[in-house]
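>>> below are the sequence and a predicted model for it; my questions follow.
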Amino acid sequence: HRRRARRGRSALRRAAATIMRHDTLPADASPVSVSQSGLIRLAGPARAIALDVLRVNSLQTGAYVSHFKGRGMEFDESRPYQPGDDPRSIDWRVTARSSEAYTKLFREERERPVLIMTDLRSNMHFATRGCFKSVNATRAAALLAWAAHHRGDRLGGIVFGDQRHRELRPRLGRQAALRYVHELVSHPDWTQDIDHGASDVEPPLTQAMAMLRRVTHPGSLVIIISDFIGLSRSAQSYLTGIARHSEVLAVFLSDPLERRLPPPGRYRIVSHDEEMAIDTYARGARTEYRHAFEERLHDFDAFCHRYGIHLLPLSTEDDPVRHFQQALGKRTL
């Protein structure tokens, strides 16, 4: 009996280890870089992420739970207006040419466009715990790209940094996901030093939002993965335009140091070419710092609520596989 019990416990441990290997990131995943093979391996865990009946169970206080609108609608034909038809669907051009009112009929698009915009600007290559914001953003983007592929949606989007913006038109199939993964890994902002001198050009985030507004069609699912630092009024205007006709999920990246200064002390922060020291002994400074981040997040949360945008926080300490399965729900396989 004891031998059978030991064998049973061993089998349970092996099964648990197998589940952990499939549902979480590899233990040797780098905190500062990504690999194409590593992002391709996320295709397996992505099968369990629900993008079809999608509910955002936000992890932050005050957020809401709501259904995504689903697939886009495509105009089919016009027919005479009937009692009970939505007045907003009246075809005014046809009505003006006839003696009676006509209403538009729509058919559901066969494949929903899914557009993923991933932020790889220099401010994303930072972390004090877990992994770089850019690394978790890339892993999250790859997971959602594979989830869209498994559902049979058309996948496209934008990968942008400080100097390069790459647009990928929505396509079907595994090649679309592989193309997106390749662009994430090969983006020059992983290795390129950026000159942040004065410029008359719009900030990169604003440029990317303008590009996204231009390429998004009504009925799309739009996912924006960023820390949203530098979200200008122009960028907000582009984003509200997108949200009017498409479903938008904003994945908000942050590091613990951005949310709160460490306990009283003197700390050394190092980058690849410079270092600085921060002094956190002043209680007032720590409180003001924390309030500044909370105010920025609160303002962005209010903005998202106002325009029906789903907000999902993601920390550099979070495992994106577990995080998305928990926040978006698990798909029944």
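Received it, and whenever you're ready, just let me know what you need.
>>> where exactly do the helices run in the stretch 101-250 of the chain?
Assigned by DSSP state H, counting those that start in this stretch, the stretch 101-250 of the chain shows helices spanning 133-151, 174-186, 204-215, 233-245.
>>> can you pull out the low-pLDDT segments for the stretch 101-250 of the chain?
Along the stretch 101-250 of the chain, the parts satisfying pLDDT under 70 run over 106-111, 193-200.
>>> 90 instead?
Residue ranges of the stretch 101-250 of the chain with pLDDT under 90: 103-112, 151-152, 163, 190-202, 218-219, 245.
>>> pretty sure Pro31 is touching Asn136, no?
No. Between Pro31 and Asn136 there is no contact under CB atoms under 8 Å: 9.4 Å. No exception for glycine: its C-beta is placed from N, CA and C like everyone else's.
>>> neighbour count winner among these two?
Set side by side, Pro31 and Asn136 show more neighbours around Asn136, with 28 against 12, by other CB atoms under 10 Å.
>>> look up how far Ile116 lies from that one.
14 Å (CB to CB, to the nearest Å).
>>> and Ala282, by the same measure?
From Ala282 to Ile116 the distance is 41 Å (CB to CB).
>>> can you give me the strands in the protein?
73-80, 102-108, 113-119, 154-160, 165-171, 221-226, 247-254, 266-270, 275-279, 310-315 (DSSP state E).
>>> Serialize those to JSON lines and add fields for mean neighbour count and distance to Ala141.
What follows is these, written out as JSON lines (neighbours: other CB atoms under 10 Å; distance: least, CB to CB, whole Å):
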{"stretch": "strand 73-80", "mean neighbour count": "13", "distance to Ala141": "27"}
{"stretch": "strand 102-108", "mean neighbour count": "15", "distance to Ala141": "26"}
{"stretch": "strand 113-119", "mean neighbour count": "26", "distance to Ala141": "4"}
{"stretch": "strand 154-160", "mean neighbour count": "25", "distance to Ala141": "8"}
{"stretch": "strand 165-171", "mean neighbour count": "17", "distance to Ala141": "11"}
{"stretch": "strand 221-226", "mean neighbour count": "25", "distance to Ala141": "5"}
{"stretch": "strand 247-254", "mean neighbour count": "24", "distance to Ala141": "9"}
{"stretch": "strand 266-270", "mean neighbour count": "10", "distance to Ala141": "27"}
{"stretch": "strand 275-279", "mean neighbour count": "10", "distance to Ala141": "30"}
{"stretch": "strand 310-315", "mean neighbour count": "22", "distance to Ala141": "11"}
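>>> can I get those in TSV with distance to Arg47?
Formatted as TSV, the strands of the chain follow (distance: least, CB to CB, whole Å):
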stretch	distance to Arg47
strand 73-80	27
strand 102-108	24
strand 113-119	15
strand 154-160	15
strand 165-171	20
strand 221-226	18
strand 247-254	19
strand 266-270	39
strand 275-279	43
strand 310-315	20
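>>> of the ones you listed, which is nearest Pro203?
In terms of CB to CB, the element of the strands of the chain nearest to Pro203 is strand 154-160, at 10.9 Å.
>>> just give me the residue closest to the centre of this structure.
Ile225 (3.5 Å; CA atoms, centre = their mean).
>>> show me the contacts for that one.
By CB atoms under 8 Å, 6 or more residues apart in numbering, the contact set of Ile225 is 116-119, 137, 140-141, 251, 253, 314.
>>> now swap in Tyr289 and tell me
Tyr289 neighbours (CB under 8 Å, 6+ apart): 260-261.
>>> quick one, the helix ranked longest in the chain and helix 233-245 angle?
Identified as the longest helix of the chain according to DSSP state H is helix 283-306. With axes from the mean of the first three to the mean of the last three CA atoms, to 10 degrees applied, the angle from helix 283-306 to helix 233-245 works out at 40 degrees.
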